[in-house]
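>>> Here's a sequence, model it:
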Amino acid sequence: MELALDYHSARALLAWQIELGATDAIGDAPVNRYELQARLPKAAATTADAAPIKPLEIDPVAVARQMAGAAGSLAALRDALDQFEHCELKKGARNLVFADGHPGARVMVVGEAPGRDEDMAGKPFVGRAGQLLDRMLAAIGLSREDSVYIANVLPWRPPQNRDPLPAEIAMMTPFLERHIALVQPDILIAMGNISCDALLGKRGITRMRGTWHEAQGKPVMPMFHPAYLLRQPVQKRAAWADLLEVKTRLTAG
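As a prediction, the model looks like this:
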């Protein structure tokens, strides 16, 4: 039953609506908006009822490949690594460990990942394993000051020095490949299983060491990591044989 409004009540209601901001009449009869919403078909439901839109998934390897490929110099490559935000190791590391040695060297040593000493210093191979590496290189007349360039597969230290995860190796490999392309060494030395994985796509350092392989058009000599030699000094004889292979290759080239 509709209630009739007297003139003064109707005028007062109209004045109240004008005060609220109503300027035009769009119908002769009032409309119950709640009732209208209930009669809407389900297909016309609000966007709040629709399925949430999933965010686009980011491929960190593709991002790494793009960023590394755009680096035209070692300085630019270091900046690209510093700006790469898809590796969780970066959050727990003190420093980015990029490289050390002579960038025009004929020999490039590829290590695995920084340890505690390297993380603190921001340079690869500076702890006990690094000191052993320096002695090994000196035995065949090489040094990081003038004839060796050193980098790692991973530029950030894994927590508790754990082995790098396959996903971490995969997203850092484009940077390593670009690193090698910029340095253009004559010979690569892959120190340990992680380096062999990144460079050659396979592991088994005991089986692979002492035999020449190839990566990016460069000869690769897999060798026992100096940290392993500190734990297993009996293997230093094998490491010496590998170093002599490197020396012979350099002399022949």
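>>> Give me the residues contacting stretch 75-88.
With Cβ atoms under 8 Å, 6 or more residues apart in numbering as the test, stretch 75-88 has contacts from 58, 60, 63-64, 67-68, 70-71, 90, 96, 98-99, 155-156, 168, 171-172, 175, 178-179, 182. To be clear about C-beta, it is placed using only N, CA and C from the backbone, and glycine gets the same treatment.
>>> can you do 6 Å?
Residues outside stretch 75-88 that contact it (Cβ atoms under 6 Å, 6 or more residues apart in numbering) are Pro60, Met67, Ala71, Leu96, Phe98, Pro155, Met171, Phe175, Arg178.
>>> Please convert the buried members of those into PyMOL selection syntax.
Here is the PyMOL command that selects the buried residues among the contacts of stretch 75-88 (16 or more other Cβ atoms under 10 Å):
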select buried, resi 60+67+71+98+155+171+175+178
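>>> The contacts of stretch 75-88 in helices, which ones?
Of the contacts of stretch 75-88, the ones assigned to helices by DSSP state H are Pro60, Met67, Met171, Phe175, Arg178.
>>> any idea how far the nearest residue to the first one once chain neighbours are set aside lies from Ile140?
By the measure of Cβ to Cβ, 6 or more residues apart in numbering, the closest residue to Pro60 outside its immediate chain neighbours is His86, 3.7 Å from it. Here His86 is placed at a distance of 39 Å from Ile140 (Cβ to Cβ, to the nearest Å).
>>> Which one of those two is surrounded by more residues?
Ile140 (17 against 14; other Cβ atoms under 10 Å).
>>> Next up, phi/psi of that one, please.
Note on Ile140: its backbone torsions stand at phi -120, psi 20 [degrees, to the nearest 10].
>>> Name the nearest residue to it, ignoring sequence neighbours.
Nearest residue to Ile140, sequence neighbours excluded (Cβ to Cβ, 6+ apart): Lys247, at 4.2 Å.
>>> who's in contact with the host helix or strand of that neighbour?
Element membership for Lys247, per DSSP states H and E: helix 236-252. Around helix 236-252, the neighbours that count as contacts under Cβ under 6 Å, 6+ apart are Ile140, Ile187, Arg209, Gly210, Met221, Met223, Phe224, Leu229.
>>> Since that was my last question, I'll sign off now.
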